[in-house]
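# Quick one, structure for this:
(one chain, ligands or ions: 2)
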Amino acid sequence: MKKIVTIIRPDKLEDVKQALEEIGCLGMTVKEVKGRGIQLGITESYRGTDYKVDLLPKTQVEIVAKTEEVEKIVDTIVKNAQTGCIGDGKIFISPVEEVVRIRTGERGEDAI
Ligand SMILES: Nc1ncnc2c1ncn2[C@@H]1O[C@H](COP(=O)(O)OP(=O)(O)OP(=O)(O)O)[C@@H](O)[C@H]1O
Ligand SMILES: [Mg+2]
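Residues are numbered from 1 along each chain as shown. Ligands and ions are numbered 1, 2, ... in the order given. Coordinates of the predicted model:
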């Protein structure tokens, strides 16, 4: 099993969520976060002065999935979150040792 943590533009969340649902990827955790990439945010002008906004609002979506589902999920996220402009976001994938569904006590892939 893998954990997919993706940071996307907040206005892409609805499209990504809908597309994931269509491929049967249902469980997720969504957080509003702030972040920056290699451009370190943006510079904004306010009353004639330039201010550096170094952390921009982003949306983080966390999904734990079967390893065999990961490629399909990643493709779906990229397809639905991409604008081609800087700041589109990232996807981080890491291993997950165990999952437990608290209601039933099921474990592993059965608990996803
Ligand atoms: N190395 C990183 N570690 C953790 N979070 C990151 C990292 N890079 C980007 N992020 C997160 O992803 C968000 C979007 O990053 P962004 O798409 O701007 O990355 P980038 O590397 O600057 O690529 P691009 O050149 O396309 O803008 C950031 O605001 C931050 O929340
Ligand atoms: Mg960037």
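
# distance between the lengthiest strand in the chain and the chain's centre?
The residue-count maximum for a strand in the chain (DSSP state E) belongs to strand 56-65. Relative to its chain's centre, strand 56-65 lies at 3 Å (CA atoms, centre = their mean, to the nearest Å).

# what lines up beside it in the sheet?
Paired with strand 56-65 in the same sheet, following DSSP bridges, are strand 2-8 (antiparallel), strand 29-35 (antiparallel).

# residues making contact with the first helix or strand past it going along the chain?
Next along the chain after strand 56-65, taking DSSP states H and E as the criterion, comes helix 70-81. With contact meaning CB atoms under 8 Å, 6 or more residues apart in numbering, helix 70-81 is reached by 2, 4, 6, 8-9, 12, 15-16, 18-20, 23, 25, 61, 63, 65, 88-89, 91, 93. (Glycine included, C-beta is placed from N, CA and C.)

# Can you list the buried residues in helix 70-81?
For helix 70-81, burial by neighbour count (16 or more other CB atoms under 10 Å) applies to 70, 73-74, 76-77, 80-81.

# Can you tell me which of the residues you listed lies closest to Arg47?
Ala81 (33.9 Å; CB to CB).
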